[in-house]
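> Attaching a predicted model along with its sequence, questions to come.
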Amino acid sequence: MATSPSLSRPDSAAARAWRRLRVRPALAVAFALSLLAHAVWSLWPVDLPAPPEDTVLSATLTELPPPPAPQATAVKPRPKPRRAAAPVAPPVPEAPAATVADATPAEAPAPAAAPIAEAPPAEPVPPPVVPAAPTPDKTLPPRVDLAYKVFLGTQGFLIGEATYRFEHEGDRYRIATVAEARGLAALFIRGRGKIESRGLITPTGLRPLEFVVERGSSDRREVATFDWDANIVTLHDDKTAPLEAPSFDPMTLMWQPYFTPPTAPRETLYLVTTRRVFNYTIEREGTETITWTHGDIETERWHRKSEDGNVDAWFWLAPSMHYAMVKMRVTQSARGTVEALLDAIRVDEPRNE
C-alpha cells in the first residue's frame, strides 16, 4: 500500500519547527529558564533516575517572601592586654578632730536647720505598658520550588515543564532543576536534564562555588569550580579562566535579582558555564503587566542580545515578588522562539498569606 505523502513528508510549519528543535533537544527546557540565552539550544536528551528531592512540594504561595538575611561569620574579639596595677600610696594620717569645747567662737557649730516639711504622698505610678510582640515577617522557607511551563513560540504551544528548587541553610545554598518534555514535545524530546549550583549567600547576593550539568551518566557530567581566593574558575576538561566579580553561573544569575535587586538600567556581569566565561550585559526596557496563574502582576522587562546578534532574550522580573522571574522569552534566528512562564511557587509547609 502506498504511503500517504502527507505522512511521509510533513512540510507544515510546525513540522519544520520540530525538526529544528530535534537538532539539540531535551535540556533546552531546563536552560530556557536559566537565563543562559546563548546556550538555551545547546542541550541534549538524557535519562536520569528520579532522585528523592524531585518530590513536588505540597504548599503553594502566591508571592515570594523576602530573601533570607546573610549570616555574617562571627569574629572573636582579641583579648585586651592586662595593664600593670599602679602602686598604691600609703594612707595619710588624719589630723585629730577638734572638740566643741576647744573651738574658738569663729569655729562654733552652726545652728540646726529648720525641719523640712514632709512632701505629700506620691500618686501611684501605673505599671509600664508592655508592647505586644511584633509579628515576625515572612521569610523564605528552607526549600522553595519555582515551577515553570515552557512553550514553543508565543502562541502557548506547551513543550515542557521545569522546576527550580532553592534550598538554603545558614549561609549555604543549593539550586537544582529537573526538566522534562510534555505534550507533543515528548514524542521528539526524550529524557530529563539536571543542572545544579552550590555556593554561599553573602551580603552582595549569591556566590557560586560549584556549577554542575549532568546528562545521565558520570561520563557526561561537567563541572565548573569557583576559587574566589585565587580568582580562578576551573572549567570542563580542567581548563581554567580568570574569575572576576561579579560572576555568576546560570542558576545564580536567575536568583541574583531576588537577593540584590537591580538598581541601574544597565547591568554588566560575567556568566560562567562549564565550558567558558561570557561577558553578559542586560538592559531595562520598561514595565509591563504579565498574567500568570494568580492574576496580573506588574513587571520590569529586561533585554539581552548576544554578542553575535543571533539571540535575543527578554526577562520579566516582578518587583512585588522581590524581582523573581515571572516570564522569559528567547529567540534565536536559526531555531525560533521559546517562552517560559511561572506557573506555581511551592514550599514544604503551609504559609499564612
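Cool, got the structure. Computed from a predicted structure; not experimentally measured.
> quick one: low-confidence ranges for the stretch 201-350 of the chain?
216-219, 349-350 (pLDDT under 70).
> List the contacts of the closest residue to Tyr270 other than its chain neighbours.
Excluding its sequence neighbours, the residue lying closest to Tyr270 (Cβ to Cβ, 6 or more residues apart in numbering) is Ser247, at 4.1 Å. For the C-beta atoms, the positions are set from N, CA and C on the backbone; glycine is no exception. Neighbouring residues of Ser247 by Cβ atoms under 8 Å, 6 or more residues apart in numbering: Pro208, Phe226, Val233, Leu269, Tyr270, Leu271, Val272, Val277.
> Okay, Val212 and Phe166: tell me how far apart.
16 Å (Cβ to Cβ, to the nearest Å).
> which one of these two has more residues nearby?
Neighbours around Val212 and Phe166, counted as other Cβ atoms under 10 Å, are more numerous at Phe166. The numbers are 24 against 18.
> A strand includes the more buried one, no?
Yes. Looking at Phe166 with DSSP: H, G, I helix; E, B strand; the rest coil, it is inside a strand.
> ok, it - contacts?
Counting by Cβ under 8 Å, 6+ apart, the residues that Phe166 touches are Leu140, Arg143, Val144, Leu146, Tyr173, Arg174, Ile175, Trp255.
> Quickly list what it is bridged to.
With DSSP bridges as the criterion, Phe166 is bridged to Val144, Ile175.
> Present the contacts of Ser247 as TSV; the columns should include neighbour count and secondary structure.
Listed next are the contacts of Ser247 as TSV, based on neighbours: other Cβ atoms under 10 Å; DSSP: H, G, I helix; E, B strand; the rest coil:
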residue	neighbour count	secondary structure
Pro208	25	strand
Phe226	24	strand
Val233	25	strand
Leu269	17	strand
Tyr270	18	strand
Leu271	22	strand
Val272	24	strand
Val277	17	strand
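> May I have the residues that are in contact with Thr225?
Counted by Cβ under 8 Å, 6+ apart, Thr225 has contacts Leu209, Glu210, Val233, Thr234.
> same thing with Val347?
Leu57, Ala59, Thr60, Leu61, Pro141, Arg143, Val144, Asp145.
> Quick one: the helices in the chain, in order.
Shown for the chain, the helices assigned by DSSP state H span residues 5-8, 13-21, 28-31, 250-259.
> buried residues in the longest one?
Spelled out, it's helix 250-259. Residues Pro250, Met251, Thr252, Leu253, Met254, Trp255, Gln256, Pro257, Tyr258, Phe259 are the ones in helix 250-259 that count as buried (16 or more other Cβ atoms under 10 Å).
> Reformat these as CSV; add distance to Arg220.
Below are these laid out as CSV (distance: Cβ to Cβ, whole Å):
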residue, distance to Arg220
Pro250, 18
Met251, 19
Thr252, 23
Leu253, 23
Met254, 23
Trp255, 25
Gln256, 28
Pro257, 31
Tyr258, 30
Phe259, 31
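> Which member of those is positioned nearest Thr204?
Distance to Thr204 across those (Cβ to Cβ) is lowest for Phe259, with 8.3 Å.
> How many residues are close by the closest residue in space to the closest one that isn't next to it in sequence?
Once flanking residues are discounted, Phe259 sits nearest to Gly205: 4.2 Å by Cβ to Cβ, 6+ apart. As a burial measure, Gly205 scores 19 neighbours (other Cβ under 10 Å).
> List the residues that contact Gly205.
Gly205 neighbours (Cβ under 8 Å, 6+ apart): Pro246, Thr252, Gln256, Phe259, Thr260.
> Tell me the spacing between the residue lying closest to Glu244 once chain neighbours are set aside and Pro262.
Counting by Cβ to Cβ, 6+ apart, Glu244 lies nearest to Tyr270, which is 5.7 Å off, once chain neighbours are set aside. Going from Tyr270 to Pro262 by Cβ to Cβ gives 16 Å.
> Out of the buried residues of helix 250-259, which two sit at the greatest distance?
Pro250 and Phe259 (15.7 Å).
> For the nearest residue to Val223 once chain neighbours are set aside, give me its contacts.
Spatial nearest neighbour of Val223, excluding adjacent residues (Cβ to Cβ, 6+ apart): Val212 at 5.2 Å. Residues in contact with Val212 (Cβ under 8 Å, 6+ apart) are Ile195, Glu196, Ser197, Arg221, Glu222, Val223, Ala224, Thr274.
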